Each structure stands twice: as structure tokens, then as C-alpha cells.
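**Q** Show me the folded form of this:
(2 chains)
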Amino acid sequence: MITALLAGMSLAVCGAQMQTLFRNPLADPYVLGISSGAGLGVAFFVMGSSWLGASNAPAWLTNLGTAAFAWMGALAVMLIIVAASKRLKSNMTLLILGIMIGSAGSALIGLIQYFSEATALKTYVLWTMGSFGNVTGNRLAIMAILCITGLGISFINIKDLNVLLMGEEYAKSLGIHVSRVRNRIFLATTLLAGSVTAFCGPIGFIGIAVPHIARMLFNNANHRVLIPASAILGAGMMILADIISQMPGSQSVLPVNTVAALMGIPVIIYVIFKNRAVKL
Amino acid sequence: MIPFLDISGLYIGYSKRQVLFENINLQLHCGKITGILGPNGIGKSTLLKTIAGLLPPLKGSVVPEGFPKDRDLCAFVPAQPWRASNFSVEDTVSTGRYRYTNWLGLENPEGKRIIEGVLKKTGISHLAGRNSADLSDGEFHRVAIARALVQDTPLILLDEPTAFLDIANKQATVLLLKKLAVEENKGILFSTHDLSLALKHCDLFWIMTRDKNLFYGTPAELNDRGIIDLLY
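**A** Numbers count the residues shown, from 1 in each chain, chains lettered A, B, ... in the order given. From the prediction side, this is the model:
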């Protein structure tokens, strides 16, 4: 339950910041390629270790290795983006770069999958479905520290995010170091999305949908309202998804990723049709 | 001494290979309202942005002389300011006080008074609680001017502040700018295509001509020298 709470808060707050930074209502933790970076890391680890004949390794090592590689993958993508952001002036170009990195990541994952064994493939696919179940004890503590740090930085970003909403040129005219602010936002989003993805698997749609729900409910895009509102709604929605995925009265557990997607997609479709709300 | 901006040997443009205008030597004084005139694409916006520090000069320098060091030097109002929807006019104006608000961007009582005063001065008090996205272009332009005013800078640069306004609003905007120059000793620099309005209200003209010359002087002076005719 605590894991779901943290994951929901992190993804929603991360999504809200990405949407503002890119001024794109469909931006979310995944557009920058962070999740596919994490996925690539996990693919390398899971399928690489089976090549090395390490498939008999104890479960805790596999778990920790998965998380560590996911994080490294996410971090690597972020470093590329930060390096690129020094040269690319426009956020739109960065967004396209992120999408390209994402596609490249997926392609590489496909390649690795093609050459890997069935058991390793299954481990990987299970990770991609997402789960809160095995995030306990030390792993939960690590995830909590990373997520809370990321949330803290996000709250510090509030004032700058408000200005960025009115354009980078305006931010610059106020004497704000836009590249520094941008890096601070990247740091927060990678901490948030990278950690959640590393420990719980890639969970989509919460990051896109929740900030829009927050905007619709509170009718206020000021980040002083939007960031805390996204955090609370994200936590609520994720816990709900977690409850549904455990299917009360049944033994089996649905993949959380699927439940979140089924909950998030109607919201996104609603947002698309109710065009007014899409504007940032 | 009246503080001024000393522009010397300035080359402007977006890249070294594409210089828009060469060797600009000018001074921008506080307490005066200056209009930049010239054909489209000559580099009026680029010049404004370079002076405002939004674009780096390709060569040469823009040096402030005699300004207080503890404040921002100039505020910039773009031709088409971006709006954030679901963002109230009051909050939008308040972002101009970035330097003065706390880490959450919240105002102290003095800041609230300043904002109230500026909203009144720009004639948009009645819009304070409205969503910026619902305003007309003319109304939002005034919000952008208010946002620049609360920045409390000695210089204000505006890129075509009258472009999308009706006749009454054009007049009102230029009169407001003039009032700021006269009563608050601000240095106002704006680009415009409204020759008649500019002739009537500007203290000084900068005229950028097609053959890449920049003429400088009072409207009357430039008219006598036949330079205003070069605009046609």
C-alpha cells in the first residue's frame, strides 16, 4: 500500500512537470525515453545474466539487480537528454529526441528478446507488467528515499514551473537561468519516474492522466495547486488500481500496469474530446 | 546623471553567419520614450531581444551606466505573449515579481499592494480573477504589460505593443507608456508600424532602413532630414 502511494504520487507529479516543461498535454514520464531506458537496463540484466548462466542466482540478487539496472538505464537516458539540452534550444526538439530515444530503446529490447531464452523472457515480461508486491523492507526504504527526494525537488520547482508555463523567453527575461531550471526538473523527474520504474516496473497513464484530472477538478493550473493536487490524486488513483488488481475475493493478482492503463485511458480520451482542458 | 544604456558596435542576428544588422551605436536613456521603426524582417525584434539580454550580441556590447545594481535592468514584453490557461490574471502578473516573492511564489502584503496598483494603472483591475485564456488579445497584452511593470525595472522594452489592438486600445497603450516615461522616469523602447501614433508620442526615433542604416533623433529632426520618408 505504501509502495502504491509513493508510486502514484511520484508518477503524477513527474507527469505534471513534464507537461509544463514541454508545454505538451500528452507529455509524461515516458516521453523522454526514461522508461524505455529503464526497460533496456532490465532487459540487459535479465537476459544477459541468463547468457552468463547466472539463472540460478538467488531471488534477492535478481530483484536488486533488476532495480539497479533499470535505474542505470533511466539515468543514462537522462544524461543524454541533459547533454543534448545544452545544445538544443527548443523543448519541442528535446521532446522529439526523447521519443526517438524511446523507440531506439524499444528496438534494442526487441533485439535482445529475440536472442534470449524463454525463462529470461518471462522474467522480463513479468517486470514490464508492474507489481507492488515485491517492494518491501529495504527495497521499499530505498525507493521511499529516492521518491521523497524527487518530490522535494518538485516542490522547489513550483515557482519556476509557473513561469515556464508562460514560455522560456519570458522566464529568461525575468533573469531565470532556464537551463539550470530545466536540469533541476529533469533531475526530479528522473528520480521519480526512474525509481518507480526500477522497483515497480513501467506503469503508464497515471503520469499523463492524473495532472489533467487535477486541472479539471481544481480549474487552476498554478503549480502551487497543481503539484500537491497531482500528488494526492495520483496516490489515490494508484491505491485504487492496486486494490482492483488484487481482486478482492480472488487468489490471483492482475498486473498493475494493465489496471492503471484501463483506468487512465478513458481519462485521456475524455481530455482529448473535451478540448478545452487540453490547453496548457 | 540620467542612467542610460550604452550600445556600441553591436552586431545582431541569430548566428554569426547570418548577421541581421551591423555596427549599431546608440544610447537608451531613462525618462524617454523611443520608437523603433523599420520594415518587416529588418531586425527590430532581434535588436530588442539583444538589448533585453534574451539573445547574445554577435559582436559589440550593451553596457548599463548608472543603473541601480540590485534590480533587473529591463523587462521585455513580447509581440505575442504566451498565455497559460487556467491561470488567473493576478497570478500571471505576480510571476513578474519572481525576484521578490518567496520560494513558492507567494506575495507579502507589500507585493499585493504593488500588484493592485499596477492592475489599476493598466486598467485591468476588473480582470484580476479571470482566467488568462478567456481574455481577448488586447486584454491579455495589457496583462503582459502589467507583468512587466511589476518587475519594477528602469527600462521596459516592448515588441510591437500596438500590433493587435483596436484604435482606442492603441492610443491607450501608447499613452500609458508615455506616462511611465514621464512620471516614473522609465526608459521605454518599443517597435511599431504605427507611424502616426509614434510621431505624436515618441520622444525619439530609431529608424532602421532597408540599406542597413540606423538613424537616430527626434521625430521632428528626422522628418526635416527626410529620413521618415525612407520608411515608405
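**Q** which helix of chain B spans the most residues?
**A** The longest helix of chain B (DSSP state H) is helix B:167-184.
**Q** Quick one: mean pLDDT over that helix.
**A** For helix B:167-184, the mean per-residue pLDDT is 91.
**Q** What residues does residue B:25 make contact with?
**A** Residues counted as contacts of residue B:25 (Cβ atoms under 8 Å, 6 or more residues apart in numbering or on different chains) are B:7, B:8, B:9, B:10. Where you see a C-beta, it was placed from the backbone N, CA and C, and this is true even at glycine.
**Q** Tell me which helix or strand comes right after the helix or strand where residue B:20 lies.
**A** Residue B:20 is part of strand B:18-29 when elements are defined by DSSP states H and E. Downstream of strand B:18-29, the first helix or strand assigned by DSSP H and E is strand B:33-37.
**Q** I'd like to know which elements that following strand is packed against.
**A** For strand B:33-37, the elements it packs on are helix B:44-51, helix B:167-184, strand B:187-191, helix B:195-201, strand B:204-208, judged by 3 or more Cβ pairs under 8 Å, 6 or more residues apart in numbering or on different chains; DSSP states H and E.
**Q** again, 7 Å this time
**A** helix B:167-184, strand B:187-191, helix B:195-201, strand B:204-208 (3 or more Cβ pairs under 7 Å, 6 or more residues apart in numbering or on different chains; DSSP states H and E).
**Q** Specify the angle between it and strand B:187-191 in degrees.
**A** In terms of direction (axes from the mean of the first three to the mean of the last three Cα atoms, to 10 degrees), strand B:33-37 departs from strand B:187-191 by 20 degrees.
**Q** between strand B:33-37 and helix B:44-51, how big is the angle?
**A** 130 degrees.
**Q** send the alpha carbons of strand B:33-37 over as PDB?
**A** Output in PDB follows, covering the C-alpha atoms of strand B:33-37 (Å, rounded to 0.1, in the frame of the first residue of the first chain):
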ATOM      1  CA  ILE B  33      10.000  57.000 -24.900                       C
ATOM      2  CA  THR B  34      11.700  55.700 -28.000                       C
ATOM      3  CA  GLY B  35      10.100  54.100 -31.000                       C
ATOM      4  CA  ILE B  36      11.900  51.700 -33.400                       C
ATOM      5  CA  LEU B  37      10.600  51.900 -36.900                       C
END
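**Q** What strands line up against it, and which way round?
**A** Paired strands of strand B:33-37, with direction, are strand B:187-191 (parallel), strand B:204-208 (parallel) (DSSP bridges).
**Q** Please work out which residues outside the first one touch it.
**A** Which is strand B:187-191. Residues outside strand B:187-191 that contact it (Cβ atoms under 7 Å, 6 or more residues apart in numbering or on different chains) are B:28-36, B:44-45, B:48, B:154-161, B:177, B:180-181.
**Q** angle of that strand against helix B:167-184?
**A** On the basis of the same axes, to 10 degrees, strand B:187-191 is oriented at 150 degrees to helix B:167-184.
**Q** What average pLDDT does strand B:187-191 get?
**A** If you average the pLDDT over strand B:187-191, you get 95.
**Q** And the last one, by the same measure?
**A** In this model, strand B:204-208 carries a mean pLDDT of 94.
**Q** buried ones in that strand?
**A** B:204, B:205, B:206, B:207, B:208 (16 or more other Cβ atoms under 10 Å in any protein chain shown).
**Q** Kindly report the same for stretch A:222-237.
**A** Burial within stretch A:222-237, assessed by neighbour count using 16+ other Cβ under 10 Å, is assigned to A:222-231, A:233-237.
**Q** near chain A, which residues of chain B?
**A** Neighbours of chain A within chain B, by Cβ under 7 Å from any Cβ of the partner chain: B:52, B:54, B:72, B:75-76, B:78, B:82, B:84-87, B:91, B:95, B:98-99, B:103-105, B:133.
**Q** try 8 Å
**A** Neighbours of chain A within chain B, by Cβ under 8 Å from any Cβ of the partner chain: B:49, B:52-54, B:72, B:75-76, B:78, B:81-88, B:91-92, B:95-96, B:98-99, B:101, B:103-106, B:131, B:133, B:151.
**Q** Pull out the buried residues from the longest helix of chain B.
**A** Within helix B:167-184, the residues scored as buried using 16+ other Cβ under 10 Å are B:169, B:170, B:171, B:172, B:173, B:174, B:176, B:177, B:178, B:180, B:181.
**Q** repeat for stretch B:209-226
**A** Applying 16+ other Cβ under 10 Å to stretch B:209-226 flags B:214, B:215, B:216, B:219, B:222 as buried.
**Q** Spatially nearest residue to residue 21, not counting backbone neighbours?
**A** Answering for chain A, as no chain was given. Closest residue in space to residue A:21, ignoring its immediate chain neighbours: residue A:185 at 5.3 Å, by Cβ to Cβ, 6 or more residues apart in numbering or on different chains.
**Q** that's the wrong chain, I wanted chain B
**A** residue B:43 (4.4 Å).
**Q** Figure out which of the helices and strands packed on strand B:33-37 is closest to residue A:197.
**A** Taking Cβ to Cβ, strand B:187-191 is the member of the helices and strands packed on strand B:33-37 nearest to residue A:197, at 48.3 Å.
**Q** Report the angle between the closest one and strand B:18-29.
**A** Going by the same axes, to 10 degrees, strand B:187-191 makes 150 degrees with strand B:18-29.
**Q** SS state for residue A:7?
**A** The three-state assignment at residue A:7 reads helix, by DSSP: H, G, I helix; E, B strand; the rest coil.
**Q** What is the burial count for it?
**A** Number of residues near residue A:7 (other Cβ atoms under 10 Å in any protein chain shown) recorded here: 32.
**Q** before we move on, what about residue B:37?
**A** 26.
**Q** Quick check: the gap between it and residue B:216.
**A** Distance of residue B:37 to residue B:216, computed by Cβ to Cβ, to the nearest Å: 11 Å.
**Q** Contacts only, for the nearest residue to residue A:202 once chain neighbours are set aside.
**A** Distances taken as Cβ to Cβ, 6+ apart place residue A:35 nearest to residue A:202, at 4.6 Å, with adjacent residues excluded. Contact analysis of residue A:35 by Cβ under 8 Å, 6+ apart lists A:29, A:74, A:102, A:193, A:197, A:202, A:204.
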